[in-house]
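[1] would you be able to build a 3D model of this:
(chains A, B and C)
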Amino acid sequence: MELIGLANYALFMGIFIGIYALLALGLNIQWGFAGLFNAGIAGFFAVGAYTSAILTSPSADGRLGGFELPFFVGWFGAMVAAALIAWPIGKICLRFRSDYLAIATIGVAEIIRLVIKSEEVLTNGARGITNIPRPFGDLPYVQSQLAYLAIVAAVLVVAYLMVQRQFNAPWGRMMRAIRDNELAARAMGKNVEYRRLEAFIFGAALMGLGGALFAHFNRSITPEAIDPMVATFLVWIMLILGGSGNNKGAILGATVVWIIWSVSEIATDQLPHEYAVKAKYIRLFLIGLMLQLVLRFRPEGILPEPLRGDTRTDDNAVK
Amino acid sequence: MKSKFIAIAGGLLAATALAGATAKADVKIGLIGGVSGPIAAMAPSMISAAQLAFQQVNEQGGILDGEKLVGVVGDSACNPQGGTDAATKAVNIEGVSAIVGPHCSGAVLAAAGSVTIPAGITVVTPSGTSPEITGLDDKDTVFRTVPSDDYQGRALARTLKEKGYNKVAVAYINNDYGTGLADAFKAEFEAQSGEIAGFAAHEDGKASYRSNLAELASGGADTLVIFDYGDGTGLTILRQALENGFFEKFVGGDGMKSDAPINELGAENLATFVASSPVGEKSDSLDVFNEAYKAAGGDPDAIFVTTSYDAAFMLALAVEKAGGDKAGVSAALREISNGEGEAILPGEWEKAKKLIAAGTAIDYKGAAGDHNFDAAGDVPGTYALFEVGADGFEVMVEMK
Amino acid sequence: MGFLELINFYVIPGVVLGSIYALGAVGITLVFAILRYAHLAHGDLATLGAFLALAVVTALGLPPLVALPVAMIGTAAVAVGIDKAFYEHLRERPKIVTVMASLGIALMVRSVVQVVWGVDSESYVRGIVRPENYFGLRIKDREIYTVVFMIGLVGVLQLFLVKSKWGKAMRAMSDNPNLALLSGIDNKKVVMLTWIIAGGLCAAAGVFLGINTELKSMMGWHMLLPMFAAAILGGVGRVEGAVLGGLIVGIAEELSVLVLPSEYKAAMAFVILLFMLLVRPTGLLRGKVL
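    Residues are numbered from 1 along each chain as shown, chains lettered A, B, ... in the order given. Next comes the predicted model:
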């Protein structure tokens, strides 16, 4: 194995980790801050990916599109579209508590997936959208990977700083208050429904952005990408394992889980040749087992939510 | 605690590095398929068929200077996430010279767009049938040995019409494979003044399709055309249609020409079932392959095994022809199978190797067709209609 | 379309499918009510049960219905084992942690099935069975078995919950865990019983799905969402509600073809569920609100 190959692989992992970290951050706003059990991440991911794809790709017969807008317009559009979709869903579903909300959002995501897969006029149906432009995609392989990683990292840093700021702001304290004791927050005169909806929409917008980054990276988006396992449950595993309620934890969780997910294949490939196919099943076992071990020994996540709220109060305490 | 994870990840990486170092002398070709995920039932035979090609190469003197040709299996899980991940590992960690796969169109599009086209690695998909693959801006590195759905759908429609099927209902799986075939079939069948008395997509993996079938049968057709996979949902549909007597005759695309219906439903119940599948043009390539694959313990009637084998064998020829130069594989691939030169049948590695060394032009005649790629890297394909006989599928008629 | 046709091709398949969903949904609803988390490995446990029965059928040449008890016991044992090995340590933690753990278990169980039995479609009995004609109703024997066994199993369970000491303990845990613990109920035994029942019913769901169609390594995972919809539709913690929910989801999926394009069939369960949650959040039979 050459070093440059390893570096390329690391670049690729970095990009995927960045994209998944965005999804996990979005989920952290919804679950970590506001306690909303959204199990329909794949739906918002898909809306974002397809919106950006339609806005930026060249025209093709038989489907909406051909706007060929610059990629950042597409990405912004993806956030707006995901937020717009989240608004009515949140309006209807957020009145359900925890597990009910989960099953309702799974249902909504499944319906979104079926619509994308079946409505050819809108999304080209099962065939998906191709020829999506990738920023700096004309550069040679390594350089273009590097450039894309830089973009993803920049987006992630901006998103992280903004979420972190909100988290430490009065808004974040209020959200946690609502999450931990809804009655008390309501008694304090907080508009609980409105705040929850706010968190749900912000989170969904980040998920939409993650979807757009994913589509542009692959230069294509197909309905197969909206699989609940890789687009919803995997993100949940990342957040819970990293530490819900902690933004750094969300990013770290994405990193650890994606490394386990991806590197486990290389590990199982070391099995003898005749088990080459079986190794892939064993890999899933290994992933499941790693998850059990981490949850067993670190059930509150690798980076747990900071106790007593936020860093600013900690600073005050020190002073 | 954090150090534990780092230790685990580090250990995995170290294990990889070690293995990578020992296997350096081999020439590798990636075999990326949907081992887990929706087509899990089809992937193992497709991969073993490709491995058969590599085994033949190794038994007949190896590749280049007698080096061993190794197939590196990767799991695309049939989705873009897994496809790009597996392709990245194959290209960068394993350093493959070319890739057979990925199996599913979505994974092909994503892996090509983000990994193999930028890295200049040639991929040949044995089963990605989406028309979108044709239109990829691929710098001539994306090929396929499976003909596009459009061609098969139209050929099947014409053949059925000739055979006297006038009124049919169509059930197709709601993915790129099913929609592509069904749309092409419908357009051609109606152009030939046949009547489509029912046309409906279905979602994969449900337990019951009886109401779908009842709805399709209500149009009054006596023939059901199924565009699905014979060891997946297609089997369920065929079973439920047979058991409830919704239709009398059944027609399948190449996905239905699988041994699963025969094994599970019994040949005696499939007297009125026919399926189309790609075959070689007037050559005994298919028989040669069938025999070799049977001898290796495989089942030649499994879906997409012929296209997988051809893709693997052709890539081996192309690597040999290009002298191991990864960037030259795609040009070499066109040279070894362009209809001119000495014919090479499946498994004739030793002969091909000598001819390549001598600089003679060769022309691979594959088990699933002649594979003379067009400008977009697609193959036109020749088809035959198969019926179920005493020992599995038998050719009934050539399709035009 | 005639009345008989509607019954034969839409309602009967719906009832059979619904019975299979119901068997899984009962287990889900019990775990939900007593242990208070969504168990995402339920579908894959059903797959395991179906393949355990296949092992008995192929090894001993028994009919699948005879293999059913073996599969149920085997799967129940596996379920208890999984709980002891993995879920037990997480009991004091937030429930979401266990939900994630169950997702990992789903992957592990599926992987075991794929390694041991492979990924090909299998069936218990080769060949096809044409339905019998009862006064115009076209029903297969195995469909009658499916419905009868489902009713029988759930009936026995209901009797157990109402009459027996441990059944009452389980209901008490579901209604008010603190009070139940205070009144001296052995939590460990209740948890174990819950898993025995849920695992056994899971296996039954898998076996009957296998009897009526084929066995595939992904069969259970595909059933998971409709089973959850059924459990919540009926009201969490209500066994008869889960049965009702299962039947409604099954019949609605089959009938949906009449009004919706067939590719949207899978969405039907959720449309009903969303509608029900809006008008009656406790479920049809007043389950508990989580």
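[2] in the stretch 1-150 of chain C, which residue sits closest to chain B?
    Going by Cβ to the nearest Cβ, chain B is nearest to residue C:9 of the stretch 1-150 of chain C, at 3.5 Å. From N, CA and C alone the C-beta is placed, and that goes for glycine too.
[3] with adjacent residues omitted, what lies nearest to that residue?
    residue B:214 (3.5 Å; Cβ to Cβ, 6 or more residues apart in numbering or on different chains).
[4] wait, what's in contact with that neighbour?
    B:246, C:5, C:9, C:10, C:257 (Cβ atoms under 8 Å, 6 or more residues apart in numbering or on different chains).
[5] wait, the third one touches residue B:209, no?
    No: using Cβ atoms under 8 Å as the test, residue C:9 is too far from residue B:209 to be in contact (10.7 Å).
[6] higher neighbour count, those two?
    Of the pair residue C:9 and residue B:209, residue B:209 is the one with more neighbours under other Cβ atoms under 10 Å in any protein chain shown, namely 28 against 24.
[7] please report how far the closest residue to residue B:300 other than its chain neighbours lies from chain A.
    Excluding the flanking residues, the one nearest residue B:300 by Cβ to Cβ, 6+ apart is residue B:290, at 4.1 Å. Here residue B:290 is placed at a distance of 22 Å from chain A (Cβ to the nearest Cβ, to the nearest Å).
[8] what is the burial count for residue 103?
    No chain in the question, so chain A it is. Residues near residue A:103, counting by other Cβ under 10 Å: 26.
[9] ah, no, chain C please
    Residue C:103, neighbours per other Cβ under 10 Å, totals 23.
[10] and residue C:17, how far from chain A?
    Following Cβ to the nearest Cβ, the distance that separates residue C:17 from chain A is 18 Å.
[11] now residue C:9
    23 Å.
[12] again with residue B:273
    25 Å.
[13] which residue, other than its chain neighbours, is closest to that residue?
    residue B:250 (4.5 Å).
[14] quick one: residues in contact with the helix or strand hosting the one you found.
    Assigned by DSSP states H and E, residue B:250 belongs to strand B:249-252. For strand B:249-252, the surrounding residues in contact (Cβ under 8 Å, 6+ apart) are B:156, B:160, B:165, B:168, B:222-228, B:230, B:234, B:238, B:241-242, B:270, B:272-276.
[15] what residues does the stretch 151-300 of chain A put near chain B?
    For the stretch 151-300 of chain A, the contact set with chain B under Cβ under 8 Å from any Cβ of the partner chain comprises A:214, A:217-225, A:227, A:230-231, A:256, A:259-267, A:269-270, A:276-277, A:279-281, A:283-284, A:290, A:294, A:297-298.
[16] which strand residues bridge the residue nearest to residue B:273?
    On the basis of DSSP bridges, residue B:250 is bridged to residue B:224, residue B:273.
[17] gap between it and residue B:391?
    20 Å (Cβ to Cβ, to the nearest Å).
[18] same deal with residue A:170?
    77 Å.
[19] surely residue A:121 and residue A:65 touch.
    No: checked against Cβ under 8 Å, the pair residue A:121 and residue A:65 is beyond contact range at 10.4 Å.
[20] which of the two has more residues huddled nearby?
    Between residue A:121 and residue A:65, counted using other Cβ under 10 Å, residue A:65 has the larger neighbour count: 21 against 9.
[21] these two touch, right, that one and residue A:51?
    No: Residue A:65 lies out of contact with residue A:51 (Cβ under 8 Å); the separation is 10.8 Å.
[22] residues from the stretch 101-250 of chain C in reach of chain B?
    Taking Cβ under 8 Å from any Cβ, the part of the stretch 101-250 of chain C that reaches chain B is made up of C:114, C:118-123, C:126-131, C:138, C:140, C:209, C:212-214, C:216-219, C:222-223, C:250.
[23] ok, now which ones touch whatever residue of the stretch 301-400 of chain B ends up closest to chain C?
    Nearest residue of the stretch 301-400 of chain B to chain C, counting by Cβ to the nearest Cβ: residue B:302, 9.4 Å away. Taking Cβ under 8 Å, 6+ apart, we find residue B:302 in contact with B:42, B:45, B:46, B:49, B:231, B:258, B:259.
[24] mind checking pLDDT for the second one?
    According to the prediction, residue B:45 has pLDDT 91.
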